[in-house]
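Asks: Give the three-dimensional model of this entry:
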Amino acid sequence: MLYAVFMSASPPSLPEPQGLTGEPELLQVSTFTDEPCLRADAARNRARLLEAAARLIAEHGAAGVTMEAVAAAANVGKGTVFRRFGDRTGLLTALLDHSSRKLQADFLGGPPPLGPGAPPLERLRAFGVAVLYRSAEQLDLQLAAQPDPARRFAHPSVGALTTHVTVLLRQIEPDADCDLLARTLMSYLDPALIHHLTQQCGMPLERLEAGWSDLVARVTRTEPVARPH
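Replies: Okay, the predicted model is just below:
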């Protein structure tokens with residue numbers, strides 16, 4: 001999930017509508033746990049560690065993934081895991097990286113309606129559905145990898161998704177406070193809320209999908225999608 005939106009150093013809090021008419025350009029950035037140019041053997045070791053962590057999650061859930069357990073499963077020293085990922089959150093975040101790359105590739109250059117080529121309203125509906133089902137499939141991991149509350153909404157991956165929603169909203173409702181509305185829409189797709197609604201309230205994903213479509217219609221003041229009878 002290591003992406004940032006390419007923007008000026010000091011962007012205004014609410015740019016003019018014409019300032020974000022195209023797609024945000026997402027660039028890979030580095031952190032202390034991510035080496036920009038891994039040697040071939042280091043890349044293989046990193047892949048082996050991630051494969052071991054994925055197996056542990058499949059067998060025991062995210063709670064069963066510790067740095068010690070991953071090291072044992074991959075037959076390496078514990079220090080190797082810490083050097084590669086920094087801490088447990090860094091390891092879990094790296095596991096989400098592949099699906100995050102795919103999601104961003106899909107909405108930036110994939111087929112419509114998620115990707116370019118469809119009207120912005122259709123793309124916004126498709127985006128929410130894609131994020132909703134992706135989160136539901138990886139809910140245990142998503143919750144375990146969430147940053148602490150102080151960094152949660154400022155995380156680069158969240159910023160990239162929010163900017164995409166802002167771009168679409170400005171194409172639909174150019175006179176609205178799209179920056180704030182985008183954050184309102186993104187809160188509906190929060191993994192913690194999805195967990196609460198599906199696991200604790202027993203709501204099916206189909207109801208959440210219909211709720212997203214209804215919310216988009218109300219925010220954009222457009223006709224809701226007709227539900228099948």
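Asks: looking at this, Leu197 is in a helix?
Replies: Yes. If the criterion is DSSP: H, G, I helix; E, B strand; the rest coil, then Leu197 is within a helix.
Asks: measure it to Ala154 for me?
Replies: Taking Cβ to Cβ, to the nearest Å as the measure, Leu197 falls 25 Å from Ala154. Where you see a C-beta, it was placed from the backbone N, CA and C, and this is true even at glycine.
Asks: Same check on Ala192?
Replies: Distance from Ala192 to Ala154, by Cβ to Cβ: 17 Å.
Asks: Who has more neighbours out of those two?
Replies: Ala192 (14 against 9; other Cβ atoms under 10 Å).
Asks: contacting residues around the closest residue in space to that one that isn't next to it in sequence?
Replies: In space, and not counting its chain neighbours, Ala192 is closest to Leu143: 6.5 Å by Cβ to Cβ, 6 or more residues apart in numbering. With contact taken as Cβ atoms under 8 Å, 6 or more residues apart in numbering, Leu143 is in contact with 62, 191-192, 195.
Asks: in the chain, which segments are predicted with low confidence?
Replies: Per-residue confidence for the chain (pLDDT under 70) gives these ranges: 1-38, 98, 147, 227-229.
Asks: how about the strands of it, start to end?
Replies: Applying DSSP state E to the chain gives strands spanning 3-5, 26-28.
Asks: which stretches of this structure form helices?
Replies: All helices of the chain, identified by DSSP state H, fall at 40-60, 67-74, 78-85, 88-109, 120-137, 139-145, 156-172, 178-188, 191-195, 205-220.
Asks: Include distance to Ala226 when you put those into TSV, please.
Replies: Below are the helices of the chain laid out as TSV (distance: least, Cβ to Cβ, whole Å):
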stretch	distance to Ala226
helix 40-60	39
helix 67-74	48
helix 78-85	47
helix 88-109	24
helix 120-137	13
helix 139-145	29
helix 156-172	19
helix 178-188	21
helix 191-195	25
helix 205-220	10
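Asks: now, of those, which is deepest in the fold?
Replies: helix 156-172 (a mean of 21; mean count of other Cβ atoms under 10 Å).
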